[in-house]
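S.K.: Need a 3D model of the sequence below.
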Amino acid sequence: MELINSNSEIIKDFFQSVDRMLDGISRLAKENKAYLNGEKFLSNKDVAKCLKVSIRTLQEWRDTGVIPYIQIKGKIIYRQSDIERLLQAYYNKERQE
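M.R.: So this is what the prediction gives:
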């Protein structure tokens, strides 16, 4: 009969599998954003990264009405559909051809 302890290969394999699963769960949790009534919302950081602009540029666009947003207390969020609409509105088809 084999004694199972922390040095056993079965136990090491088990804990490696658990670590891989936890890493996968953590990655999924970070990548997925909350939905409300089927609408996905993005943070300042997410939109800045997506549009490749600074947080300050987003603030200017909010101030001038270029980009729609929602402000709850100090938190600014954007509807993903509004960002997609904005990109479509400013899409320059002629430059791509």
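
S.K.: Strands of this protein, start to end?
M.R.: 35-36, 39-43, 70-72, 75-79 (DSSP state E).

S.K.: which ones are touching Leu42?
M.R.: Applying CB atoms under 8 Å, 6 or more residues apart in numbering to Leu42 gives the contacts Lys33, Cys50, Ile77, Tyr78, Arg79, Gln80, Ile83. Heads up, the C-betas are built off the backbone N, CA and C, glycines and all.

S.K.: at 7 Å what do you get?
M.R.: Leu42 is in contact with Lys33, Ile77, Tyr78, Gln80, Ile83, counting by CB atoms under 7 Å, 6 or more residues apart in numbering.

S.K.: circling back: for Ala29, find the nearest of the strands of the chain.
M.R.: Of all the strands of the chain, it is strand 35-36 that lies closest to Ala29, at 14.1 Å by CB to CB.

S.K.: mean pLDDT for the strands of the chain: which is lowest?
M.R.: Mean pLDDT values for these show the minimum at strand 35-36, a mean of 71.

S.K.: remind me which residues of the protein are low pLDDT?
M.R.: The chain contains residues with pLDDT under 70 at 1-3, 32-35, 95-97.

S.K.: would you list every one of the helices in this protein?
M.R.: Here the chain has its helices, by DSSP state H, at 9-31, 44-51, 55-63, 80-89, 93-96.

S.K.: So for Tyr69, which of those sits nearest?
M.R.: Per CB to CB, nearest to Tyr69 of those: helix 55-63, 5.3 Å.

S.K.: Could I get the buried residue list for the closest one?
M.R.: Leu58, Trp61, Arg62 (16 or more other CB atoms under 10 Å).

S.K.: In JSON lines, list the contacts of Leu42 along with neighbour count and distance to Phe15.
M.R.: Formatted as JSON lines, the contacts of Leu42 follow (neighbours: other CB atoms under 10 Å; distance: CB to CB, whole Å):
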{"residue": "Lys33", "neighbour count": "12", "distance to Phe15": "31"}
{"residue": "Ile77", "neighbour count": "17", "distance to Phe15": "39"}
{"residue": "Tyr78", "neighbour count": "22", "distance to Phe15": "41"}
{"residue": "Gln80", "neighbour count": "16", "distance to Phe15": "38"}
{"residue": "Ile83", "neighbour count": "19", "distance to Phe15": "42"}
